[in-house]
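**Q** the following comprises the amino acid sequence and a computationally predicted model.
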Amino acid sequence: MSQAEMPTPLNPLTLPLHGSRLIEASAGTGKTFTIALLYVRLVLGVDTAKTTQPLFAR
């Protein structure tokens with residue numbers, strides 16, 4: 001697969017919360033974690049794409 005065909009890595013903290021998105025990945029790639037994080041963002045009403053503060057502190 002060439003560089004032009006490589007998919008863009010999904011970042012659940014910056015993925016827009018409007019519209020439809022498709023998450024397609026192999027086993028063990030973090031789909032459940034990604035969907036859970038998106039759900040938490042929706043429940044909390046946090047749109048990190050418009051916010052400069054971190055969603056989670058490390």
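**A** Perfect, I can see it now. Numbers count the residues shown, from 1 in each chain.

**Q** contact partners for the residue nearest the centre of the chain?
**A** Geometric centre of the chain, nearest residue: P12, 1.6 Å, by CA atoms, centre = their mean. By CB atoms under 8 Å, 6 or more residues apart in numbering, the contact set of P12 is 33-34, 37-38, 41. Where C-beta positions appear, they are placed from N, C-alpha and C, glycine not excepted.

**Q** ok, it to F33 distance?
**A** Plainly put, P12 is 8 Å away from F33 if you go by CB to CB, to the nearest Å.

**Q** picking that back up, tabulate the contacts of P12 in JSON lines, adding columns for secondary structure, distance to I23 and neighbour count.
**A** Shown next, in JSON lines, are those (DSSP: H, G, I helix; E, B strand; the rest coil; distance: CB to CB, whole Å; neighbours: other CB atoms under 10 Å):
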{"residue": "F33", "secondary structure": "helix", "distance to I23": "11", "neighbour count": "10"}
{"residue": "T34", "secondary structure": "helix", "distance to I23": "6", "neighbour count": "16"}
{"residue": "L37", "secondary structure": "helix", "distance to I23": "11", "neighbour count": "17"}
{"residue": "L38", "secondary structure": "helix", "distance to I23": "9", "neighbour count": "17"}
{"residue": "R41", "secondary structure": "helix", "distance to I23": "14", "neighbour count": "18"}
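
**Q** perfect, that will be all.
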